[in-house]
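Q: Predicted model follows, preceded by the sequence.
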Amino acid sequence: MKKVAYNCYYLLGLTLVPFLGSAQQEDVVTTITDSLTSNPIVVNDSLNNSTPLGQLNIVQNSKTENLTLFKPTESSSYNLQDNELAAKFDSLWMKELVDAAPLYNEMYNEIMVEPDTASTFVLDLPTDTLKMRLARLNAKTPFNVEYNKSLESVIKSFLTRKRGLMERMLTISQFYFPLFEQEFDNKNIPLEMKYLSIVESALNPKARSRVGATGLWQFMYGTGKEMKLNINSYVDERSDPIKSTAAAANYLNRLHRIYDDWDLALAAYNSGPGNVNKAIRRSGGQRNYWNIRRNLPRETAGYVPAFQATMYIFEYAEEHGLKSKRVDRAYFETDTIHVKSLITFDQISELAAIDKEELKVLNPHYKLDVIPFVEGKPHALRLPVHKMGKFVANEKAIYAHVEKELKEKEGLIAKIEKQAEANSIRYKVRDGDFLGKIAERYGVRVSQLKQWNGLRSNNLRIGQRLTIYPRKNASSSVKPKETPSRTAVTSNTKTHEVRSGDSLWTISRKYPGVTIENLRKWNGISGNNLKLGTKLKLCDCSS
């Protein structure tokens, strides 16, 4: 195993400023002996609290042949302990990241709405003051930050209606911005480009648009593959903050080489170079974004103003009294290791005593909560540093445990996938259908229906096809109403009176052995329309 060097993981790293006051104090260092290798281990506690040696007894007092991670008793848990205060801070930050996921839809909808320049916002921001601040921004950035009514409207909307959203972005940005800044600095891209990730995804690495754009930087499938991001059934590196940021930097540089203008590069990033080129032609060769904006797609027309408004709010957050949660320590320290066997998040969570939601935040690019093992294609697991040491020290035992468990379950993951594919159905939406009704019919949740089909709302259209992985047969969930003509079927039932909500499909499910084609043939029906009160024959007989 080749362990990636210890790092502060700029993905979730935070600025050094709050830490400078305590950085001058000497860290407490504890040296112990690793019973596996007899090499000294140095444990640094960034909170200036020494690590009790009792917490390390599981390693120190264990012999190599006994170093397994099976629980002492069925009711107990694995004895891998952590610094209590550090764990508390980590847990609070994990909660912030998990809770931030739904903010993507809010930001997306805000960009799609045309700014209302006629609206009156109750806000202490005189136009002259805004013009002065925008001029300062324009002087220190390579973007064309020019005052206009549309931009003023977006800024005031963000500061009033979306104030809570902006404060959450100020908080979450402390995790991601150091990573973005380092990558953009390496690629000679304006550091202000980091604000693009807020407009694109509201800093949600799992964000997925209605057209399939995915990740912090919202790459479409084709563009992601073009930028050498790995996308398959297990992995989607568009959701990997490090690799997707590197790809975004490369793509932005390519666009800037074409247009030699960062505003147009932004517009092309959102809508594609083709739409920007058409807008330039329709504008008579104009190359200023604001001059071609009216000829851009609707979403792109609101895109650059949203970017510039976000940049303004971050630069002048203090002046507008925007509050963000600040960290209690300088780093969220993480490390990576290449896995040597297929392993699931459930197994890692149990063995390393780490919350599964935290694993998802640290490893968002694994689609099925499974880290695959492919010879020649390394896949990395990212863990907090205080968990990584335990994982490495017990690595052989962990993989032995995983292998034993997988063998016992006879390739459970593969069986589940095959079974899910075999049991999936394609359902055609009919008149009167809604998600709750369909979910109840097949024993699933509405949220699952939306996830399987990439639905952003509860709206359905007649004829729409849905993929469903049913938990029960549809016929078992269709319960007839307690009326004389719709109760249990007796052997001598020959007709059915059409009631409200009936269809050929629901009627055929009520009577064993009766199909839709039977009903059509016996009753001379060519289509699907039924008239209330009509008595349908349920057999090839006269009534």
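A: All right, it came through fine. Just so you know, these numbers come straight off a predicted model, no measurement behind them.
Q: so where's the stretch 351-500 of the chain uncertain?
A: Residue ranges of the stretch 351-500 of the chain with pLDDT under 70: 408-423, 472-493.
Q: Show me where the stretch 1-150 of the chain dips below the pLDDT cut-off.
A: Along the stretch 1-150 of the chain, segments meeting pLDDT under 70 span 1-122.
Q: which other helices and strands contact the longest helix anywhere in the chain?
A: The longest helix of the chain (DSSP state H) is helix 163-186. When contacts are defined as 3 or more CB pairs under 8 Å, 6 or more residues apart in numbering; DSSP states H and E, helix 163-186 packs onto helix 84-99, helix 103-112, helix 149-160, helix 196-201, helix 241-259, helix 303-315. The way it works is simple: take the backbone N, C-alpha and C, and place the C-beta from them, glycine included.
Q: so what secondary structure elements neighbour the fourth one?
A: The helices and strands touching helix 196-201, judged by 3+ CB pairs under 8 Å, 6+ apart, are helix 103-112, helix 163-186, helix 303-315.
Q: Let me have those in a markdown table, extended by mean neighbour count and distance to Pro273.
A: Shown next, in a markdown table, are the helices and strands packed on helix 196-201 (neighbours: other CB atoms under 10 Å; distance: least, CB to CB, whole Å):
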| stretch | mean neighbour count | distance to Pro273 |
| --- | --- | --- |
| helix 103-112 | 17 | 20 |
| helix 163-186 | 19 | 21 |
| helix 303-315 | 23 | 15 |
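Q: all strands of the stretch 351-500 of the chain, in order?
A: Along the stretch 351-500 of the chain, counting by DSSP state E, counting those that start in this stretch, strands occupy 370-371, 380-384, 425-428, 465-468, 495-497.
Q: Using PDB, write out every CA atom in the third one.
A: Same thing as strand 425-428. Taking C-alpha atoms only, strand 425-428 is exported to PDB below (Å, rounded to 0.1, in the frame of the first residue of the first chain):
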ATOM      1  CA  ILE A 425     -40.300  -2.300 -14.700                       C
ATOM      2  CA  ARG A 426     -41.100   0.500 -17.100                       C
ATOM      3  CA  TYR A 427     -44.400   2.100 -16.100                       C
ATOM      4  CA  LYS A 428     -46.400   4.300 -18.500                       C
END
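Q: Now do it: everything it contacts.
A: Outside strand 425-428, the residues that touch it by CB atoms under 8 Å, 6 or more residues apart in numbering are 438, 442, 463-468, 470.
Q: Spatially, which two of these are the most separated?
A: Using CB to CB, the pair of these lying farthest apart is Gly463 and Pro470, separated by 20.3 Å.
Q: Who has more neighbours out of the two?
A: Set Gly463 next to Pro470 and count neighbours by other CB atoms under 10 Å: Pro470 wins out with 15 against 9.
Q: Show the backbone phi and psi for that one.
A: Dihedral pair for Pro470: phi -70, psi 150, per degrees, to the nearest 10.
Q: Tell me how far it lies from Ile425.
A: Noted for Pro470: a distance of 6 Å to Ile425, by CB to CB, to the nearest Å.
Q: CSV please, covering the helices and strands packed on helix 196-201 and showing distance to Arg238.
A: As requested, these are exported to CSV (distance: least, CB to CB, whole Å):
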stretch, distance to Arg238
helix 103-112, 14
helix 163-186, 15
helix 303-315, 19
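Q: which stretch among those comes nearest Tyr221?
A: With CB to CB, the closest approach to Tyr221 among the helices and strands packed on helix 196-201 belongs to helix 103-112: 18.1 Å.
Q: contacting residues around stretch 527-543?
A: 493-500, 502-504, 507, 511, 514, 518-519, 521-523.
Q: Please repeat the previous calculation with a cut-off of 7 Å.
A: Identification of contacts with stretch 527-543 by CB atoms under 7 Å, 6 or more residues apart in numbering yields 493-500, 502-504, 507, 511, 514, 519, 522-523.
Q: Any chance of a ChimeraX selection covering the buried ones in the residues you listed?
A: To isolate the buried ones among the contacts of stretch 527-543 in ChimeraX, judged by 16 or more other CB atoms under 10 Å, type:
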select :496,498,499,502,503,504,507,511,514,519,522,523
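Q: Now for Phe391, how many residues are close by?
A: Applying other CB under 10 Å, we find 18 residues neighbouring Phe391.
Q: Am I right that it is in contact with Ala352?
A: Yes: at 5.4 Å, Phe391 and Ala352 qualify as touching, with contact defined as CB atoms under 7 Å.
Q: on that earlier part again, looking at the helices and strands packed on helix 196-201, which has the lowest confidence?
A: Mean pLDDT values for those show the minimum at helix 103-112, a mean of 57.
Q: That helix: what's the following helix or strand?
A: Per DSSP states H and E, the first helix or strand lying C-terminal to helix 103-112 is helix 127-140.
Q: now the angle from that next one to helix 303-315?
A: Between helix 127-140 and helix 303-315, the angle comes out at 100 degrees (axes from the mean of the first three to the mean of the last three CA atoms, to 10 degrees).
Q: and the gap between the closest residue to Pro378 other than its chain neighbours and Lys404?
A: The spatial neighbour of Pro378 that comes closest, neighbours along the chain excluded (CB to CB, 6 or more residues apart in numbering), is His338 at 4.3 Å. Applying CB to CB, the value for His338 to Lys404 is 21 Å.
Q: got it, and Ser457?
A: Ser457 is 45 Å from Lys404, where distance means CB to CB.
Q: which one of the contacts of strand 425-428 sits closest to Ala247?
A: Nearest to Ala247 among those is Thr467, at 29.0 Å by CB to CB.
Q: Name the residues that touch stretch 288-308?
A: If you take CB under 7 Å, 6+ apart as the criterion, stretch 288-308 is touched by 110-112, 114-115, 143-146, 148, 150-151, 154, 195-196, 199, 263-264, 266-267, 270-271, 275, 279-280, 282-283, 286.
Q: Make a PyMOL selection of the buried ones in those residues.
A: Selecting only the buried entries of the contacts of stretch 288-308 in PyMOL, with 16+ other CB under 10 Å as the criterion:
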select buried, resi 110+111+115+143+145+150+151+154+195+196+199+263+264+266+267+270+271+275+279+280+283
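Q: can I get the strands of the stretch 351-500 of the chain in CSV with distance to Gln182?
A: Formatted as CSV, the strands of the stretch 351-500 of the chain follow (distance: least, CB to CB, whole Å):
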stretch, distance to Gln182
strand 370-371, 25
strand 380-384, 17
strand 425-428, 46
strand 465-468, 40
strand 495-497, 70
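Q: between those, which one is nearest to Gly212?
A: Distance to Gly212, taken as CB to CB, is lowest for strand 465-468 among these, at 14.9 Å.
Q: how many neighbours does Asn138 have?
A: When neighbours are counted by other CB under 10 Å, Asn138 registers 15.
Q: Now do the phi/psi pair for Phe219.
A: Phi and psi for Phe219, reported as degrees, to the nearest 10, are phi -80, psi 140.
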